[in-house]
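>>> show me the folded form of this:
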Amino acid sequence: MGDDAGDDRRRFVAAVYAESGPRLYRYALMILADRQDAEDVLQQVFAAVLSKPALPRIDDEGAYFRTAVRNAAYSLLRTRRTARDAAEQILEPVVPGCSPAEQVALEQALRALPPEQREVVHLHVYEGMTFQEVANATTASINTVAARYRYALDKMRKLIG
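Residues are numbered from 1 along each chain as shown. From the prediction side, this is the model:
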């Protein structure tokens, strides 16, 4: 006879992954700028939920998993300060309205940003979050979020020209 709690956990994780997996992967990728590390972080987060004896109490699944991915990504950054292959893309293969040359320039400019700035750009631009929502998700003040965004745009403008 199967473990009902285990089956519930597996169904829950499968449903969350089906709904949010690609978005959470893009989020991890934007922070880490490395596909393998982003995949590792996502696997770590979902495996952690599966390994719990009972489902954690989650009021907001999106916020819970986004925070878990963020924490795991920054933890990985702290432990892995090694250089990675800069040729890997962190953006989706096609950004609407961008020529291939613009895509490459945008990719290089994003890579040049510190992880905290890439994270804010991703959440605000690609996820459509307000600065207040980004502040809540990153546990930073709204002023810090706005400053990171402004610094990121300034640096990207200088790099792209």
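>>> buried set for the host helix or strand of residue 25?
Per DSSP states H and E, residue 25 falls inside helix 4-32. Neighbour counts over helix 4-32 (16 or more other CB atoms under 10 Å) mark 9, 12-13, 16-17, 20, 24-32 as buried. The C-beta positions use only the backbone N, C-alpha and C, and glycine is treated the same way.
>>> need the max-distance pair from those.
Spatially, the most separated pair among those is 9 and 30, at 28.0 Å (CB to CB).
>>> picking up where we left off before, other SSEs contacting the helix holding residue 25?
In terms of contacts (3 or more CB pairs under 8 Å, 6 or more residues apart in numbering; DSSP states H and E), helix 4-32 is packed against helix 35-51, helix 61-79, helix 115-121.
>>> make JSON lines out of these and add mean neighbour count.
Below are the helices and strands packed on helix 4-32 laid out as JSON lines (neighbours: other CB atoms under 10 Å):
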{"stretch": "helix 35-51", "mean neighbour count": "17"}
{"stretch": "helix 61-79", "mean neighbour count": "17"}
{"stretch": "helix 115-121", "mean neighbour count": "21"}
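>>> looking at those helices, which is closest to residue 134?
Between residue 134 and these, the tightest spacing by CB to CB is seen for helix 115-121, at 5.8 Å.
>>> same for the closest one, what does it pack against?
Packing contacts for helix 115-121, counted by 3+ CB pairs under 8 Å, 6+ apart, involve helix 4-32, helix 61-79, helix 131-138, helix 142-160.
>>> how about the ones you listed, which one is nearest residue 49?
helix 4-32 (5.5 Å).
>>> now the closest one against helix 61-79, angle please.
60 degrees (axes from the mean of the first three to the mean of the last three CA atoms, to 10 degrees).
>>> quick check: mean pLDDT across helix 4-32?
Averaged across helix 4-32, the pLDDT comes to 88.
>>> would you map out the domains in this protein?
4-79, 100-160 (automatic domain parsing).
>>> how far off centre is the last one?
Taking the mean C-alpha point of domain 100-160 and that of its whole chain, the gap between them comes to 12 Å (CA atoms, centre = their mean, to the nearest Å).
>>> same check on the first one?
In terms of CA atoms, centre = their mean, the centre of domain 4-79 is found 10 Å from the chain centre.
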